[in-house]
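Chemist: Structure for this input, please:
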Amino acid sequence: MDDERKYQIAVASSDGIVVNSHFGRADQFLIYQLEIDNENDDWMKKYVELRKVAPVCQGGNHDDNRLEKTADLFLDCKYILVSRIGQGAANVLEGKGIIPMELPGMIDESIHQLIIYEKLKSLF
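Modeler: As a prediction, the model looks like this:
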């Protein structure tokens, strides 16, 4: 999505309630759309879909090819919210224009923190 006032985020969650998955071990991501409401200058969140993925890390090792393919599944997302992410995976995502953020906690609270970040970023 080109519009900075409307974009998608991926959330690594094993239960749909908490951001509790390490990027490399996650087997599913919830996709949300965030859009600014022009009338009251506030953000609205809408659940879009659940994306199943093959975990990048297995037994402490990761597969670079699988990492690239997994990252490509999120090219339509501006952010990925995770509980943890390794520097290598973060670099791959950032190279594709996706911003990884470690924001563990309740999904609604983590998304709220992201929205606060977006509001602060827009001031500079």
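Chemist: how about the strands of this protein, start to end?
Modeler: For the chain, the strands defined by DSSP state E cover 6-12, 18-19, 28-37, 42-52, 57-58, 61-62, 77-82, 99-102, 105-106.
Chemist: Quick check: can you name the pairing partners of the longest one and their directions?
Modeler: Its sheet considered, strand 42-52 pairs with strand 28-37 (antiparallel) by DSSP bridges.
Chemist: same deal with the fifth one?
Modeler: Using DSSP bridges, strand 57-58 pairs in its sheet with strand 61-62 (antiparallel).
Chemist: Quick one: mean pLDDT for the partner strand?
Modeler: Mean pLDDT, computed over strand 61-62, is 68.
Chemist: top helix in the protein by residue count?
Modeler: Scanning the chain for the longest helix, with DSSP state H as the assignment, gives helix 107-122.
Chemist: For that helix, which outside residues touch it?
Modeler: Contact with helix 107-122 is made by 9, 11, 13, 16-19, 30, 32, 34, 43, 45, 79, 81, 101, 103-105, as judged by C-beta atoms under 8 Å, 6 or more residues apart in numbering. Quick note: C-beta positions are derived from backbone N, CA and C, even for glycine.
Chemist: ok, now stretch 37-55?
Modeler: Residues outside stretch 37-55 that contact it (C-beta under 8 Å, 6+ apart) are 5, 8, 10, 16, 24-36, 66, 70, 73-74, 108, 111, 115, 118.
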